[in-house]
Every structure is written in structure tokens, then in C-alpha cells.
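>>> got a structure for you, letters missing:
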């Protein structure tokens with residue numbers, strides 16, 4: 001799912017993954033012009049929940065049905081932390097891990113790399129971007145793919161990416177390991193994950 005900067009401006013957050021996102025220059029909805037109209041009106045509780053849901057869904061580049069399935073699975077968990085469960089399902093998608101490790105500058109490109117067979121999990125190629133990785137698994141760039149054009153600027157991409165604590169990276173070997181579950185506080189920035197859960201719980 002390729003996200004346009006128009007969507008970023010509509011939801012009020014940069015969700016396209018581009019370094020030069022138009023929202024950074026025009027932090028107001030499309031169709032509105034001028035600095036005097038940059039402020040957004042406070043909406044209803046429902047509109048806030050909807051906005052937060054859209055920010056997360058577009059950030060991870062997943063469909064409405066996929067996102068709903070993740071929320072429902074989290075809600076169905078017995079005795080667990082629903083917020084932590086949802087964050088884990090989103091963050092431990094293979095395409096997201098490839099992005100978090102700095103193997104791709106955006107989640108959109110990370111999805112393409114997985115789909116085209118450039119990424120391995122435990123030395124085995126995985127072609128499904130939504131594949132759920134597990135603690136202890138090693139994610140790497142396939143040996144035959146490391147010379148491909150998609151990885152020409154890999155050293156620069158890795159340097160730009162801040163690797164989260166739940167991942168470890170071996171840049172020389174072009175591989176990373178899942179060392180723990182992602183923490184909610186390390187992921188959530190521009191949205192309220194609890195309001196998203198409330199949106200689907202109604």
C-alpha cells in the first residue's frame with residue numbers, strides 16, 4: 001500500500017515514510033491554503049479515535065481488514081495486555097522489522113523487499129510481509145541480494161535508522177535478531193492506542 005502525502009495532511013501526521021513528506025511543509029489539510037489556517041478544529045471523541053486509527057493503519061501500510069483482525073485478536077487474548085498485544089502484532093510484522101533494522105528507508109520499500117525474496121528469517125526466504133517474527137529469530141538480507149540496487153545505500157540507511165532496544169543489529173553481516181517484545185512506550189508517539197481499541201470495541 002503506497003501512501004501519498006495528501007493522506008498525511010488529511011490525518012494530521014506523517015505516515016508515508018518519506019523523508020521529505022509534504023506534511024512537514026504544509027501541516028494543514030489539503031484544500032486549505034495559507035499559514036492562518038493551519039490549526040485544526042478539535043473534533044468529537046469518535047473523530048479523534050478515527051483519526052488515531054487511520055494514522056496507525058497508514059503508518060504500517062495495512063488494509064482496514066488486516067488492522068481490524070489485529071485489534072480483534074488482541075481483544076480476544078485471555079488475561080493479557082490488549083495494548084501490548086496490538087503493538088506486538090504490528091511491530092513484529094516482518095516488513096516492519098526490516099524497516100526498523102534499517103534495511104529499507106520506508107515500510108513500503110520493506111514490503112517490496114520481502115515480497116521479492118530478498119529477506120530471510122532463520123536462513124529461509126520468507127515472501128509474506130505480514131509474517132510474524134518471534135523472539136530469537138534472525139532476520140537477514142539474502143546473500144545473493146546484498147549486491148542488488150535496492151541495497152546500494154544500505155550503510156547510509158542503517159546509520160539514519162535508530163534501532164529499537166528489542167532488536168539487535170549486526171551491520172557487517174547484514175542481519176538482526178529479535179531479542180524481546182517491543183515496548184509500548186518506545187513505539188507510540190502521535191496517537192492514542194487505547195482510543196483505537198475503544199473505537200473497535202463499540
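Thanks, I have it. The structure displayed is predicted, hence computed values, not measured ones.

>>> would residue 177 count as being in a strand?
Yes. Checked against DSSP: H, G, I helix; E, B strand; the rest coil, residue 177 lies within a strand.

>>> for it, give me its contacts.
Residues near residue 177 by CB atoms under 8 Å, 6 or more residues apart in numbering: 136-139, 167-168, 170. Yep, even glycine has a C-beta here, placed from its N, CA and C like the rest.

>>> gap between the residue nearest in space to the middle of the chain and residue 135?
The C-alpha lying nearest the average C-alpha coordinate of the chain belongs to residue 60 (CA atoms, centre = their mean; 3.6 Å). Distance, residue 60 to residue 135, using CB to CB, to the nearest Å: 20 Å.

>>> cool, residue 193 as well?
21 Å.

>>> more crowded one of these two?
residue 193 (21 against 11; other CB atoms under 10 Å).

>>> how about the strands in the protein?
With DSSP state E applied, the chain shows strands at 119-121, 124-125, 138-141, 167-170, 175-178, listed in chain order.

>>> turn the ones you listed into CSV, including mean pLDDT.
Formatted as CSV, these follow (pLDDT from 0 to 100):
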stretch, mean pLDDT
strand 119-121, 98
strand 124-125, 96
strand 138-141, 97
strand 167-170, 96
strand 175-178, 97
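
>>> quick one: closest of those to residue 89.
In terms of CB to CB, the element of those nearest to residue 89 is strand 175-178, at 13.8 Å.

>>> pretty sure residue 168 is touching residue 180, no?
No. Checked against CB atoms under 8 Å, the pair residue 168 and residue 180 is beyond contact range at 9.7 Å.

>>> name the residue in these two with the higher neighbour count.
residue 168 (15 against 12).

>>> let me see the contact set for that one.
176-177, 179.

>>> let me have those residues in TSV, extended by distance to residue 105.
Formatted as TSV, those follow (distance: CB to CB, whole Å):
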residue	distance to residue 105
176	16
177	21
179	23
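
>>> so which of those comes closest to residue 161?
For the contacts of residue 168, the minimum distance to residue 161 (CB to CB) is 10.7 Å, reached by residue 176.

>>> just list whatever residues bridge to the closest one.
residue 139, residue 169 (DSSP bridges).

>>> so it is in contact with residue 94, correct?
No. Shown here, residue 176 and residue 94 do not form a contact pair, counting by CB under 8 Å, at 11.4 Å.
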